[in-house]
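1. build the 3D model from these lines:
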Amino acid sequence: MTVSDERAGEPEVLKRLGEMAVTSEILATSEDLAEILQRLAQRAREVTSAHYAAISTFDDEGVLTRFIYDGMSEEQARRLGDPPKGRGLLGELAKHDRPMRLDNVHRSPSFTGWPDGHPDMALFLGVPIRAGGRTIGSLYMTREAGSPPFSETDEAAAAVLSLQAAVSVSYALARERHGRLFLLEERARIAHDLHDGTIQTLYALGLECDALSTRPDFPGEVKEALSGAVTRINELIADIRSYITMLEASPTLAQPELTRDLAFVIRQMVPPTIATVVNIAAAALQELTARESEDLLYIAREALSNAVRHGAPTKIAVDLRQTDDATVLTVQDNGTGFEQGATRRGLGSVTMRTRCERLGAELTVIPIPGMGTTVRVAIPRRYEDDDD
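-> Numbers count the residues shown, from 1 in each chain. Just a heads-up that it's a prediction; the model follows:
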């Protein structure tokens with residue numbers, strides 16, 4: 001290489017160093033995985049001049065666990081429906097350890113087509129995000145038909161970004177995994193204490209009340225009150241046992257992902273004789289943090305449990321979508337419903353309300369006797385200040 005060649009390359013090197021510095025500054029101000037992924041998707045679109053960009057993460061088995069995009073309008077995002085599963089071209093890229101650059105995705109054997117409502121993207125640049133000898137995610141950049149193809153310079157910019165992404169994403173995944181491990185250990189401890197302590201105490205109290213309710217020297221109204229107390233104690237024990245089952249039924253340490261985890265919950269709690277319909281919009285998943293996803297999962301679990309145990313439905317629908325103001329989860333059944341105020345507030349409804357308060361969400365329960373019950377949770381959307 002001549003001196004003139006070296007000098008010609010200096011501006012490009014300086015540009016890459018400048019991009020790396022900007023990216024480092026952007027990533028340094030957040031530790032939340034969802035926010036890091038959103039910033040990386042936006043940065044990928046910027047450094048490659050792409051029309052659209054996205055970033056995904058994979059679990060230890062190579063299953064796509066999260067997909068965050070940038071460049072689409074909210075209206076476009078709402079029309080997409082379920083997020084991608086990591087098949088087709090995305091699945092093919094996950095097997096590579098080098099970038100993939102295509103001038104026309106339609107000609108790729110791995111391309112399986114765009115879903116309804118998806119912009120028609122033709123030019124594709126994909127870069128795996130690798131850490132610890134495996135692919136933990138991927139960056140995807142696309143341009144519409146008729147645009148200039150991605151260049152070697154674009155590929156180099158995306159490759160540099162993927163190296164920075166590997167550090168931030170792997171660290172955030174490890175931190176989240178550690179936090180979930182601690183949380184699972186705490187759940188196991190709480191479940192043990194509830195079973196060996198609280199339930200046994202309530203059981204003993206129920207036996208005592210039951211024995212007193214049969215004493216011949218007690219007035220009838222006292223016996224009736226004691227019998228009612230026994231019934232209430234038994235219901236409370238059943239509630240706590242159900243709660244213990246919920247605590248123990250969290251086998252995965254992976255990042256919570258509503259599409260996957262809701263399917264697991266439905267298989268676990270809803271008998272096959274009850275038809276289920278699940279609709280999860282990709283746009284709704286886009287803004288949820290791991291904490292919000294987990295809280296929504298447990299709220300959905302409790303709503304499903306209540307429907308199955310008390311409502312005798314033949315159909316249950318679960319819907320997650322995004323409106324202008326909120327991310328909304330709805331669980332609706334066609335069961336017996338109930339009279340508002342005519343039923344007791346159980347442990348399940350208390351935990352639902354507690355989680356909603358933590359989320360800053362609005363919980364609405366609409367029972368219609370003879371027609372079913374609707375549980376609706378609305379989490380206010382976060383908007384960045386336009387003046388920032």
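2. and residue 382, what helix or strand is that in?
-> Using DSSP states H and E, residue 382 falls within no helix or strand.
3. which ones are touching it?
-> residue 287 (CB atoms under 8 Å, 6 or more residues apart in numbering). Placement of C-beta: from N, CA and C, glycine included.
4. distance of it from residue 325?
-> 11 Å (CB to CB, to the nearest Å).
5. then residue 261?
-> On the measure of CB to CB, residue 261 and residue 325 end up 25 Å apart.
6. can you pull out the helices in the stretch 251-388 of the chain?
-> Along the stretch 251-388 of the chain, the segments classed as helices by DSSP state H, counting those that start in this stretch run 258-269, 282-286, 290-306, 347-359.
7. could you give the mean pLDDT of the first one?
-> Averaged across helix 258-269, the pLDDT comes to 84.
8. what helices and strands are in contact with that helix?
-> strand 275-280, helix 290-306, strand 315-322 (3 or more CB pairs under 8 Å, 6 or more residues apart in numbering; DSSP states H and E).
9. among those, which comes closest to residue 173?
-> helix 290-306 (10.4 Å; CB to CB).
10. so for residue 261 and residue 325, which sits in the more crowded spot?
-> residue 261 (21 against 11; other CB atoms under 10 Å).
11. grab the nearest non-local neighbour of that one.
-> Among residues not flanking residue 261 along the chain, residue 297 sits closest, at 5.2 Å (CB to CB, 6 or more residues apart in numbering).
12. wouldn't that neighbour be in contact with residue 259 here?
-> No: the criterion here is CB atoms under 8 Å, and residue 297 misses it with residue 259 at 10.7 Å.
13. I figured residue 33 hits residue 176, correct?
-> Yes: judged on CB under 8 Å, residue 33 makes contact with residue 176 at a distance of 5.7 Å.
14. between these two, tell me which one has more neighbours.
-> residue 33 (21 against 18).
15. how near is the more buried one to residue 106?
-> Distance from residue 33 to residue 106, by CB to CB: 33 Å.
16. what do you get for residue 293?
-> Taking CB to CB, one finds residue 293 at 34 Å from residue 106.
17. those two: which has the busier surroundings?
-> residue 293 (19 against 13).
18. so who does that one touch?
-> Residue 293 neighbours (CB under 8 Å, 6+ apart): 256-258, 261, 285.
19. could the residues you listed be laid out in CSV, adding distance to residue 144?
-> Putting the contacts of residue 293 into CSV (distance: CB to CB, whole Å) gives the following:
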residue, distance to residue 144
256, 34
257, 29
258, 30
261, 34
285, 24
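20. and the two most separated of the residues you listed?
-> 261 and 285 (11.6 Å).
21. just for the protein, where's the confidence low?
-> 1-14, 16, 81-82, 180, 182-184, 242-243, 245-256, 340-348, 383-388 (pLDDT under 70).
22. ok so, going back, what's the local residue count around the residue nearest to residue 261?
-> By other CB under 10 Å, the residues close to residue 297 number 20.
23. distance of the spatially closest residue to residue 315 that is not a sequence neighbour relative to residue 329?
-> Take residue 315 and drop its neighbours on the chain: the residue closest to it by CB to CB, 6+ apart is residue 275, 4.5 Å away. Note on residue 275: its distance to residue 329, by CB to CB, is 19 Å.
24. and the helices and strands packed on helix 258-269 as a markdown table, adding distance to residue 353?
-> Below are these laid out as a markdown table (distance: least, CB to CB, whole Å):
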| stretch | distance to residue 353 |
| --- | --- |
| strand 275-280 | 23 |
| helix 290-306 | 9 |
| strand 315-322 | 19 |
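25. of the ones you listed, which is nearest residue 216?
-> Of all the helices and strands packed on helix 258-269, helix 290-306 comes closest under CB to CB, at 39.6 Å.
26. from the chain's centroid, how far away is that closest one?
-> Taking CA atoms, centre = their mean, to the nearest Å, one finds the center of helix 290-306 at 10 Å from the center of the full chain.
27. can you check stretch 307-315 too?
-> Per CA atoms, centre = their mean, the centroid offset for stretch 307-315 relative to its chain is 25 Å.
28. first-to-last residue distance for it?
-> End-to-end distance of stretch 307-315 (CA to CA, to the nearest Å): 10 Å.
29. how about the helices in the stretch 101-250 of the chain?
-> 152-193, 200-212, 220-248.
30. other SSEs contacting the first one?
-> Right, helix 152-193. helix 3-28, helix 33-48, strand 52-58, strand 121-131, strand 134-144, helix 220-248.
31. relative to residue 172, which of these is closest?
-> Across these, closest to residue 172 is helix 33-48 (CB to CB), at 4.2 Å.
32. can you point out the buried residues in that closest one?
-> For helix 33-48, a neighbour-count test (16 or more other CB atoms under 10 Å) marks 33-48 as buried.
33. what's in contact with that helix?
-> 19, 22-23, 26-27, 30, 50-55, 57, 66, 68-71, 125, 139-141, 150, 154, 157-158, 161, 165, 168-169, 172-173, 176, 255, 286-290.
34. picking that back up, would you mind finding the most buried of the helices and strands packed on helix 152-193?
-> strand 52-58 (a mean of 24; mean count of other CB atoms under 10 Å).
35. strand partners (parallel or antiparallel) of that one?
-> Strand 52-58 sits in its sheet next to strand 64-70 (antiparallel), strand 134-144 (antiparallel), going by DSSP bridges.
36. residues in contact with that strand?
-> 37, 40-42, 44-45, 64-72, 84, 86, 90, 94, 119, 121, 129, 135-143, 165, 169, 173, 255.
37. what is the orientation angle of it with helix 33-48?
-> Angle between the axes of strand 52-58 and helix 33-48 is 140 degrees (criterion: axes from the mean of the first three to the mean of the last three CA atoms, to 10 degrees).
38. keeping just the C-alphas, turn strand 52-58 into CSV.
-> Extracted as CSV, the C-alpha positions of strand 52-58 are listed here (Å, rounded to 0.1, in the frame of the first residue of the first chain):
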residue,chain,number,x,y,z
TYR,A,52,-35.7,-0.1,7.8
ALA,A,53,-33.7,-1.9,10.4
ALA,A,54,-34.3,-4.5,13.1
ILE,A,55,-32.4,-6.5,15.7
SER,A,56,-33.2,-9.9,17.2
THR,A,57,-31.9,-12.0,20.0
PHE,A,58,-31.7,-15.8,20.3
